[in-house]
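Sequence and predicted structure below; questions after.
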Protein chains: 2
Amino acid sequence: MQLPEKVEIIEVCPRDGLQNIKTPIPTEVKIAIIDQLVDCGFNWIEATSFVHPRAIPQMADAAEVLTTVKARHGSKVGFIALAPNLFGAKRAIEAGADAITFVASASEKHNLENTRQTIEQSIAAFAEVCKIKADRKVRLAIATAFDCPFAGAVAPAQVVKLIEAGLAAGADEFLLADTIGTASPRQMDALLSLVRVKYPQLSFILHIHDTQGMGLANVLTALNFGVTRFEGSAFGLGGCPFAPGAAGNIATEDLVNMLHKLGVDTGLDYEKIIQVAHFIEAKLGILPVGHMARVACPQQ
Amino acid sequence: MQLPEKVEIIEVCPRDGLQNIKTPIPTEVKIAIIDQLVDCGFNWIEATSFVHPRAIPQMADAAEVLTTVKARHGSKVGFIALAPNLFGAKRAIEAGADAITFVASASEKHNLENTRQTIEQSIAAFAEVCKIKADRKVRLAIATAFDCPFAGAVAPAQVVKLIEAGLAAGADEFLLADTIGTASPRQMDALLSLVRVKYPQLSFILHIHDTQGMGLANVLTALNFGVTRFEGSAFGLGGCPFAPGAAGNIATEDLVNMLHKLGVDTGLDYEKIIQVAHFIEAKLGILPVGHMARVACPQQ
């Protein structure tokens, strides 16, 4: 095994996790979850999404969440906000986002379902976002980079096309997202073989869902390709409102547990992440989706 | 990725899965589950355990289950029975077992908890079983081959000691069991690096639990070492009555899904395995433990 010594985990539970919960979550609970996540040692936390409240009502308090956690923890943690369009990006910047995630899908059909725009329109909007980014990092999240719930398998060439368009527009970073959690290690291998050779200067971030139990097998495959940045969602929360059948993201606690057992440093406090999972369980009244929090919960 | 073209999956749900369920399951339900598993295409099914009914009351009907399924399907499927001692092995042979699984732990403490015998006593009993096996295969399952719930990490050297003792006693096959599902791909790598080189003539069978979500990552690691035989348990049922904290075995449907996506042939009908999972769900009234049956169940 050729494993990196250290990886960085970006925590996305406050955005990808919470946006998929239908019951309204009080703003102070969202902020309390972020407070605790900060204490776990993350460098980057995706705090919220500046999506239209009609599309995802749960994210209607995006500005309040972001300004509050930024004021409290801005000196030690970078806060990312998702923005689906130029308007959202402006709101995110106004609220103090340190980085912006913009989503475009490698699959045309998923892009239309998710954003009501063609990929070309999305990239045009992304270019506008890049123009106003100033010193913030702009991350292009390539959704359905492996499989599309509407169009099936996505060819790596489609991902490359989006990377090219993103680079031309001014992207700082790229996320490769297994949006529905159906990619196998073979698909991971095929895409990474291509993009790691074609773009040796780029550091790709993997965003994996664990729908079919292959999440950590995919992480292991990516580690062997030298990938050192992964997104995780405490408690295993997540999904995609516009991707039927998708389960949650890889649970951060599952990811950290495996990495530490592999001897890979994350800089994170595993026990504190488990405490966040317990807090989420108590506050939201739902059972953990990931494995480690289930094992750790005596009531299970 | 260096993957084998074909792997064999041994189905252990009727034994390892059902023995961990406290509510009594009617004998005809157990037999119906096995009937359906036969239809999925398995070459080998572990049908039951000839353990003392006081230790595991659920297995009290071992003889009836085995004789019935053997009479129905004996011409096309090999039936394995677990036997914890010589007396159990004699009962298994009498009921028509085609192969016998005998368990000894690499960890002395777990062996004592699991069997009330020292490893030496277990191996002495195993040697007696080998003497009466005739043309049946005798499989030595090495429990806690990676971690022990009582003693922590188990050194690969302890596993090698058990392999040596097993070979001297007359074992036909060896199972390496991650009894509590805590092994990481690094531990998998360490043990397989050693035993695959030391015993190139032996075909090891992996028996993995998915407590911490690393099950398929471990399978992937083992595939890269050329391992071609894995045990799975439909629905993800399983555990160990004497190993606190262990979750179920890798769900056969999860394992088959990944293998087929990797282009590895299993000879199994995935859709039929999902149907067995639905049948188990309906009959036992419990929710699936593995991933694929949860995704496939509309009521989830």
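All right, it came through fine. Numbering: from 1, shown residues only, chains lettered A, B, ... in the order given.

What is the burial count for the spatially closest residue to A:G213 that is not a sequence neighbour?
Excluding its sequence neighbours, the residue lying closest to A:G213 (Cβ to Cβ, 6 or more residues apart in numbering or on different chains) is B:H291, at 3.7 Å. Placement of C-beta: from N, CA and C, glycine included. A count of neighbours around B:H291, defined by other Cβ atoms under 10 Å in any protein chain shown, yields 26.

where's B:H291 relative to A:I31, distance?
32 Å (Cβ to Cβ, to the nearest Å).

for A:V103, same thing?
24 Å.

Among those two, which residue is more densely surrounded?
A count of neighbours by other Cβ under 10 Å puts A:V103 above the other of A:V103 and A:I31, at 25 against 19.

ok, what's across the strand from that one?
A:A141 (DSSP bridges).

Quick check: residues of the stretch 151-300 of chain A near chain B?
Applying Cβ under 8 Å from any Cβ of the partner chain, we find that the stretch 151-300 of chain A lies next to chain B at A:184-187, A:189, A:210-217, A:219-221, A:245, A:247, A:251, A:254, A:257-258, A:261-263, A:290-292, A:294-295.

Let's see which of those end up in helices.
A:185-187, A:189, A:215-217, A:219-221, A:254, A:257-258, A:261, A:292, A:294-295 (DSSP state H).

Around the closest residue to A:P53 other than its chain neighbours, how many other residues sit close by?
Once flanking residues are discounted, A:P53 sits nearest to A:A60: 3.8 Å by Cβ to Cβ, 6+ apart. Burial measure for A:A60: 16 neighbouring residues, criterion other Cβ under 10 Å.

right, and A:A60 touches A:V51 too?
No - with contacts counted by Cβ atoms under 8 Å, A:A60 stays clear of A:V51, the gap being 9.2 Å.

which residues does A:L262 contact?
Contacts of A:L262 were listed using Cβ atoms under 8 Å, 6 or more residues apart in numbering or on different chains, and they are A:1, A:3, A:223, B:184-186.

Just name the closest of the residues you listed to B:V227, please.
B:P185 (12.7 Å; Cβ to Cβ).

which SS class is A:I208?
strand (DSSP: H, G, I helix; E, B strand; the rest coil).

what about it, neighbour count?
27.

How about the one 10 residues further on?
Neighbours of A:N218 under the rule other Cβ under 10 Å: 29.

hmm, back to that, could you dump the contacts of A:L262 into JSON lines with neighbour count added?
Shown next, in JSON lines, are these (neighbours: other Cβ atoms under 10 Å in any protein chain shown):
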{"residue": "A:M1", "neighbour count": "15"}
{"residue": "A:L3", "neighbour count": "16"}
{"residue": "A:L223", "neighbour count": "23"}
{"residue": "B:S184", "neighbour count": "25"}
{"residue": "B:P185", "neighbour count": "25"}
{"residue": "B:R186", "neighbour count": "17"}
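
Could you single out the nearest of those to B:E173?
B:P185 (23.4 Å).

Would you double-check that A:I273 falls in a strand?
No - applying three-state DSSP, one finds A:I273 to be helix, outside a strand.

Surely it touches A:T252?
Yes - counting by Cβ under 8 Å, A:I273 does reach A:T252; the two are 5.6 Å apart.

Same drill for these two, tell me which one is more crowded.
Neighbours per residue (other Cβ under 10 Å) separate A:I273 from A:T252, with A:T252 holding more: 35 against 31.

Next one: the closest residue to that one other than its chain neighbours relative to B:K272, how far apart?
Using Cβ to Cβ, 6+ apart and skipping residues adjacent in sequence, the residue nearest A:T252 is A:G232, 3.3 Å away. Using Cβ to Cβ, A:G232 is found at 35 Å from B:K272.

same question, A:A234
37 Å.

Same question for A:R54.
Taking Cβ to Cβ, one finds A:R54 at 44 Å from B:K272.

Next up, the contacts around A:S193.
A:F225.

try 10 Å
A:156, A:225, B:1 (Cβ atoms under 10 Å, 6 or more residues apart in numbering or on different chains).

How about A:G41?
A:9, A:11, A:76-77, A:256, A:266-270, A:272-273.

Once you drop chain neighbours, what's closest to it?
A:L268 (4.6 Å).

Then A:A62?
A:T48 (4.1 Å).

Please apply the same query to A:G96.
Using Cβ to Cβ, 6+ apart and skipping the chain neighbours, the partner closest in space to A:G96 is A:K70 (4.2 Å).

pretty sure that neighbour belongs to a strand, no?
No - applying three-state DSSP, one finds A:K70 to be helix, outside a strand.

picking up where we left off before, bridged to the residue nearest to A:T252, which residues?
A:E11.

how much space between the spatially closest residue to A:C40 that is not a sequence neighbour and chain B?
Using Cβ to Cβ, 6+ apart and skipping residues adjacent in sequence, the residue nearest A:C40 is A:K272, 4.5 Å away. In this structure, A:K272 and chain B are 18 Å apart, going by Cβ to the nearest Cβ, to the nearest Å.

In contact with A:K272, which residues?
A:36-37, A:39-41, A:253.

Repeat that for A:G238.
A:12-13, A:15-21, A:181, A:207-210, A:231-232, A:246-251, A:289.

Show me which residues of stretch A:121-128 are buried.
Neighbour counts over stretch A:121-128 (16 or more other Cβ atoms under 10 Å in any protein chain shown) mark A:122-123, A:125-128 as buried.

Give the rounded mean pLDDT of that stretch.
Stretch A:121-128 carries an average pLDDT of 98.

swap in stretch A:142-150?
On average, stretch A:142-150 scores 96.

Surely A:V69 touches A:K76?
No - with contact defined as Cβ atoms under 10 Å, A:V69 does not count as touching A:K76 (11.2 Å).

tell me, what's touching the two both at once?
The contact lists of A:V69 and A:K76 share A:V38, where a contact means Cβ under 10 Å, 6+ apart.

Enumerate the positions of stretch A:260-268 that are buried.
In stretch A:260-268, counting by 16+ other Cβ under 10 Å, buried: A:261-262, A:264, A:266, A:268.

Please read the previous query as pertaining to stretch A:75-82.
Neighbour-count burial for stretch A:75-82 [16+ other Cβ under 10 Å]: A:77-82.

And the lowest-mean-pLDDT helix or strand in chain A, what does it pack against?
When the helices and strands of chain A are compared on mean pLDDT, DSSP states H and E, helix A:292-296 comes out lowest with a mean of 79. Here helix A:292-296 touches helix A:252-261, helix A:270-284, going by 3 or more Cβ pairs under 10 Å, 6 or more residues apart in numbering or on different chains; DSSP states H and E.
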